[in-house]
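**Q** Have a look; sequence and predicted model below, questions after that.
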Amino acid sequence: MPRQFSLAYLTTPGIDPVEQIKIARQAGYDFVSLRTIPMGQEGEPQVHLESDPALMEKVRQTLKDCGMKLFDIELLRIREDLPADYRPAFEKGAELGATQVITSVWTKDLSFAVDRYGAFCEQASQFGLTLNLEFPIVSELTSMEGALALQDQVGAPNLKILMDMIYVHKTGVTPEDIRAVDPSRFGVIHLCDWPADMAGRQDVEVVRGGRSYCGEGVVDLEGILKALPENVCSLELPNLKEIESRGRAGHAARCLETAKALFSRL
């Protein structure tokens, strides 16, 4: 079966879910990934489907009209000042067809993180959802090794490790390291590349708005992807310059085009 692709929210940041679904359909994605657990950031739509029935129905109808499937919802962050119960958001995501939830750790208290993941995994399981633990270099849990250790401590079957290509690259994870791990422990793959030219840029700028199209950067994408299971790849590729140049739809289409070209070489 050919690899399947989803359009992540961060690839076209600041977009509302209805427009994002339409862009994903127009570009030819298999799935769409929506931010229905907002981060409260300026310029970002605050999408709370559990308290906005009109928007919930509009999203449902747009998915149906476009023949699109919802793959995952995001972003569940583990932090002391954030909610301890996400069942309302999980319920609405599952009603729309989501099977995955993107998560990351934003506390230094790892025992707290373990407890929270235990509770959230139990909540998610009520709706058939799997949590995917990411290790962004801008968060508080920043390595595959640390993510695997937390996964072991939580011990929930619906907690997987999300492998984002730029974080794999920046933390020095090799294909050999990946092959040493039971493939069933991995979940969603975030597909993108790290730019070769970092002149005048900080890592955080690239993470949030300067990632490269697949095959146009320095990440060993072919080696890493060959080592990982053939899971769905969500294109998470924010690049503000490309969005300005191509428009959101053009950028989303280019992301998918370069991803498919990459897989044609595997």
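**A** Arrived safely.
**Q** what number of residues lie near Gly250?
**A** 14 (other Cβ atoms under 10 Å). C-beta here means a position set from N, CA and C on the backbone, and glycine is covered the same way.
**Q** Pull out the buried residues from the helix or strand hosting it.
**A** If you go by DSSP states H and E, Gly250 is part of helix 240-264. Neighbour-count burial for helix 240-264, with 16 or more other Cβ atoms under 10 Å as criterion, is recorded at 242-243, 248-249, 251-256, 258-259, 262-263.
**Q** before we move on, what about stretch 119-133?
**A** Phe120, Cys121, Gln123, Ala124, Phe127, Leu129, Thr130, Leu131, Asn132, Leu133.
**Q** pLDDT on it, on average?
**A** Here stretch 119-133 scores 98 as its mean pLDDT.
**Q** ok so, going back, need the max-distance pair from the buried residues of stretch 119-133.
**A** Spatial extent of these (Cβ to Cβ) is set by the pair Phe127 and Leu133 at 17.9 Å.
**Q** Any chance of the backbone angles for the closest residue in space to Thr171 that isn't next to it in sequence?
**A** Distances taken as Cβ to Cβ, 6 or more residues apart in numbering put Ser143 closest to Thr171, at 5.3 Å, once the chain neighbours are dropped. For Ser143, the backbone dihedrals (degrees, to the nearest 10) come out as phi -150, psi 150.
**Q** pretty sure Ser143 contacts Pro136?
**A** No: Ser143 is beyond contact range of Pro136, at 10.7 Å (criterion: Cβ atoms under 8 Å).
**Q** So these two - more neighbours on which side?
**A** Higher neighbour count among Ser143 and Pro136: Pro136, with 19 against 14, using other Cβ under 10 Å.
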